[in-house]
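# Would you be able to build a 3D model of this:
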Amino acid sequence: MNLQLLRHATQILSANGKTILIDPMLGPKGSYDPIPNTANTLRNPLVDLPISNDELEQLIARTDAVLVTHVQHLDHWDAAARELLPKNITLFCQPADTETICEAGFTNVIPVNEELVWEGIRINRTGGHHGTGEIGERMGTVSGYVINYGDDSIYIAGDTVWCAEVQEALDKYQPAHIVLNGGAGRFLTGDPIVMDINDIITVCNHAPKAHVYVVHLETANHCGESRADVKAALATHHLGGRCHVPNDGELFISDNV
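This is a model prediction of the structure:
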């Protein structure tokens, strides 16, 4: 399996000759209002996609399926994605989001209850917590996914902090590769709603044989930890050899490496 970061949590997974677009946020820089009740008023996304409009059209044309971790937040499923993606495209989602996606006009929506196999690719859905306490409850249901093809496995943790569900997924599936949504996004009050540096270090220590990759950085106005922040912490904890921070556009998992 190959995995490329476009921007934020939007990634391109290639497996068994198929292309799966993960968490598409496809709008240009500054398309959307800042996330409210956060520390600044910068419009989102903070950066453009690392590909041209023509390249985006070509990507959509060769995409076989879309995988959405959750639809209630536009940084994972935005208006541009709803407009640009073909309405008959195969679209995998958590059961809680099926109705919302169908209401947007998509006709081939497949909820992942626990496990399914599509084109020889196995997809298992995992749980998570999009924050803690009352804020975490208000953020709604979120999911991660463990994707297996051949002897390789990738865990897309989704928008979650370190929690029992993440630990359970790591223990149960023992993924070779782990993709974490970092950035320590937060509101003016409360704890981070996605992983901060401490959570990332915890995952690395809990899964010492896995390669870990941190995405979801430098794109949304509520995320305060930068790539440089994460890299510095990884170096301090001597984790830079197996925990990586890919740049936008980077192919970061390739040929089982």
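
# In the stretch 101-250 of the chain, mark out all the helices, start to finish.
133-138, 164-173, 197-206, 227-236 (DSSP state H, counting those that start in this stretch).

# Let me know which of those helices is tucked in deepest.
Stretch with highest mean neighbour count among the helices of the stretch 101-250 of the chain: helix 197-206 (a mean of 18; mean count of other Cβ atoms under 10 Å). Every residue, glycine included, has its C-beta placed from N, CA and C.

# quick one on the thing from earlier: would you reformat the helices of the stretch 101-250 of the chain as CSV and include mean pLDDT and distance to residue 58?
Converted to CSV, the helices of the stretch 101-250 of the chain look like this (pLDDT from 0 to 100; distance: least, Cβ to Cβ, whole Å):
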stretch, mean pLDDT, distance to residue 58
helix 133-138, 91, 38
helix 164-173, 98, 33
helix 197-206, 98, 33
helix 227-236, 98, 27
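
# Save the ones you listed as a markdown table, and put in distance to residue 16 too.
Shown next, in a markdown table, are the helices of the stretch 101-250 of the chain (distance: least, Cβ to Cβ, whole Å):
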| stretch | distance to residue 16 |
| --- | --- |
| helix 133-138 | 36 |
| helix 164-173 | 19 |
| helix 197-206 | 27 |
| helix 227-236 | 31 |
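
# Select, out of the ones you listed, the one closest to residue 82.
helix 133-138 (23.1 Å; Cβ to Cβ).

# Please work out which residues outside that closest one touch it.
With contact meaning Cβ atoms under 8 Å, 6 or more residues apart in numbering, helix 133-138 is reached by 129-130, 161, 187, 189-191, 193.

# Extract the C-alpha trace of the lowest-mean-pLDDT helix or strand in the chain and format it as PDB.
Using mean pLDDT, DSSP states H and E, the weakest-scoring helix or strand in the chain turns out to be helix 133-138, at a mean of 91. Only the C-alpha atoms of helix 133-138 are listed here, as PDB (Å, rounded to 0.1, in the frame of the first residue of the first chain):
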ATOM      1  CA  GLY A 133     -15.500  15.800  28.900                       C
ATOM      2  CA  GLU A 134     -18.500  17.800  27.700                       C
ATOM      3  CA  ILE A 135     -16.600  19.200  24.600                       C
ATOM      4  CA  GLY A 136     -15.700  15.700  23.500                       C
ATOM      5  CA  GLU A 137     -19.400  14.700  23.800                       C
ATOM      6  CA  ARG A 138     -20.500  17.700  21.800                       C
END
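
# Work out the gap between that helix and the centre of the chain.
Its chain's average C-alpha position is 20 Å from that of helix 133-138, according to Cα atoms, centre = their mean, to the nearest Å.

# got it, and stretch 200-208?
18 Å.

# same thing with stretch 39-48?
With Cα atoms, centre = their mean, you get 18 Å for stretch 39-48.

# Buried ones in that stretch, by neighbour count?
44-46 (16 or more other Cβ atoms under 10 Å).

# Low-confidence stretches in the chain?
256-257 (pLDDT under 70).

# Mind jotting down where the strands sit in it?
Along the chain, counting by DSSP state E, strands occupy 2-7, 10-15, 18-22, 65-67, 90-93, 109-111, 115-118, 121-126, 144-149, 152-156, 177-181, 211-215, 243-244, 251-253.

# which of the ones you listed sits most buried?
strand 177-181 (a mean of 27).

# ok, and the most crowded of the contacts of helix 133-138?
residue 193 (27 neighbours; other Cβ atoms under 10 Å).
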